[in-house]
Structures are given as C-alpha cells and as structure tokens.
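S.K.: give me coordinates for this.
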Amino acid sequence: MARSHRSMSGPDRFPGSRAAALRPSRGRSATAMYLRAHLYGAAVGRSILDRCISAVDPADRARLAPLRSQFEGEIATTRRLLTGISPVGAPGRRTVRASATIALAALPAGPIVRDPLTRLGLLESLRTLVVAKRSMWELLAESWVADAADAAAVDARAPGPDDDDDDTMLPGDVRSLLLALADQARSQENLLDELRRGYGLELFG
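M.R.: A predicted model of the protein is given here:
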C-alpha cells in the first residue's frame, strides 16, 4: 500500500507569512525595540538608585543624589526618541513603573537596605545597568538616529503650549546630545565603580 507523501519543509521553505514573522527586525523597527527595552531597564535602574542612596553612608548619599535628576532626564530623552521612531509611540509612565515594580520584586532587598552584602549587590546591579545605558547612547550616536538628515523624524512630537524653544530637540543637536549622555553615563559608571570597590573591600577585608 502506497504511503502518502508528507512534505518536510526545511528552514528555508517556510510559507511567506511565517518567514516574515521569523525575519529579524532591522533599521527603525529594531531601534524602537532596543529603545523600548532600555526604557524599561532605565525605570528599574531609577528605583535601584533610590535603594542605593538609602543604603550608603551619608557622605556617599550626597554623591549619588544628583544621579536622580540625571536618570529622570535620560528616561525623558529615551521616551522622546522612541515616540519619534516608533509608530506606536512610547509606553506610558504607569506601564513602565508597573514593569519596574514587578522586576524589583525579584530583588532580595526592600526599600531599606541594612545588609552590607545586599548593598554591594545593589551597587553592582546599578553599575551593570549604567554600563548598558552608556553602550546604548554610544551606539545610537553612531547610527542613523544621529544623522542630521534623519533626525527630524526622531522628534516628531508636536510642541505643546508649555514647551520652550530650548526644550525642542533640533536635528543638529541629536548627535551631540547622545554623546553628552554617553559621557554622563561614563561618569555615573566611574562613581558607582568607586563605591562598589570601597564597600566591597570594606566588607571582605
């Protein structure tokens, strides 16, 4: 009895729709996905920063406190870039905060940190996020996002009644802005590395 023939399609023989779904994202779509992932990571980092500030000595709190406004500014810039690049815009602040809350629930540390080893872990976690953030700004500064010809599409947000001229991201400013953010992240990384080493050596003797 003849056996029915069943087609065994290889990886290069998927139907067109399935192949399209498996095709990796590139260009504007990939950039939007990349920024969206970093936006959620930045929200987690902002919350970890608060825990680090509460965990370190008073003298070091004064050194970490200015990073709060820096992190907030970086999150705002990421949202604006994503709004201009992605047709669906950026996720709402509540969504980002809720995601950060869920992620922080996995950390073995509450809002008040007293254990020295937990403090060291938080500093190392925050430093890792800052290194990733610096890498993001540097990559974007070398990509089409920073090109003057394409930068007009980056800030597609229509100016609101409360917007000042100085708050508008001009096409020629994009690359210098991204490089400045990379330098800022490098300074954050150096500070966190100094604190990490100091508290680590104090802990381990």
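S.K.: residue 44 reaches residue 129, doesn't it?
M.R.: Yes. At 7.0 Å, residue 44 and residue 129 qualify as touching, with contact defined as Cβ atoms under 8 Å. Glycine gets a C-beta too; all of them are placed from N, C-alpha and C.
S.K.: what's the helix or strand encompassing residue 189 packed up against?
M.R.: Residue 189 is part of helix 174-204 when elements are defined by DSSP states H and E. In terms of contacts (3 or more Cβ pairs under 8 Å, 6 or more residues apart in numbering; DSSP states H and E), helix 174-204 is packed against helix 58-64, helix 67-85, helix 116-141.
S.K.: could you rerun that using 10 Å?
M.R.: On a contact count with 3 or more Cβ pairs under 10 Å, 6 or more residues apart in numbering; DSSP states H and E, helix 174-204 meets helix 27-55, helix 58-64, helix 67-85, helix 116-141.
S.K.: lowest-scoring secondary structure element of the protein by mean pLDDT?
M.R.: Least confident helix or strand of the chain, by mean pLDDT, DSSP states H and E, is helix 16-22 with a mean of 47.
S.K.: buried ones in stretch 37-49?
M.R.: 38, 39, 40, 41, 42, 43, 44, 45, 46, 47, 48, 49 (16 or more other Cβ atoms under 10 Å).
S.K.: reformat those residues as JSON lines; add distance to residue 123.
M.R.: Below are the buried residues of stretch 37-49 laid out as JSON lines (distance: Cβ to Cβ, whole Å):
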{"residue": "38", "distance to residue 123": "20"}
{"residue": "39", "distance to residue 123": "23"}
{"residue": "40", "distance to residue 123": "21"}
{"residue": "41", "distance to residue 123": "17"}
{"residue": "42", "distance to residue 123": "17"}
{"residue": "43", "distance to residue 123": "18"}
{"residue": "44", "distance to residue 123": "15"}
{"residue": "45", "distance to residue 123": "12"}
{"residue": "46", "distance to residue 123": "15"}
{"residue": "47", "distance to residue 123": "14"}
{"residue": "48", "distance to residue 123": "9"}
{"residue": "49", "distance to residue 123": "10"}
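S.K.: and the residues you listed as a markdown table, adding pLDDT and distance to residue 119?
M.R.: Shown next, in a markdown table, are the buried residues of stretch 37-49 (pLDDT from 0 to 100; distance: Cβ to Cβ, whole Å):
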| residue | pLDDT | distance to residue 119 |
| --- | --- | --- |
| 38 | 88 | 25 |
| 39 | 87 | 27 |
| 40 | 85 | 24 |
| 41 | 86 | 21 |
| 42 | 87 | 21 |
| 43 | 86 | 21 |
| 44 | 88 | 17 |
| 45 | 90 | 16 |
| 46 | 89 | 18 |
| 47 | 87 | 15 |
| 48 | 91 | 11 |
| 49 | 93 | 13 |
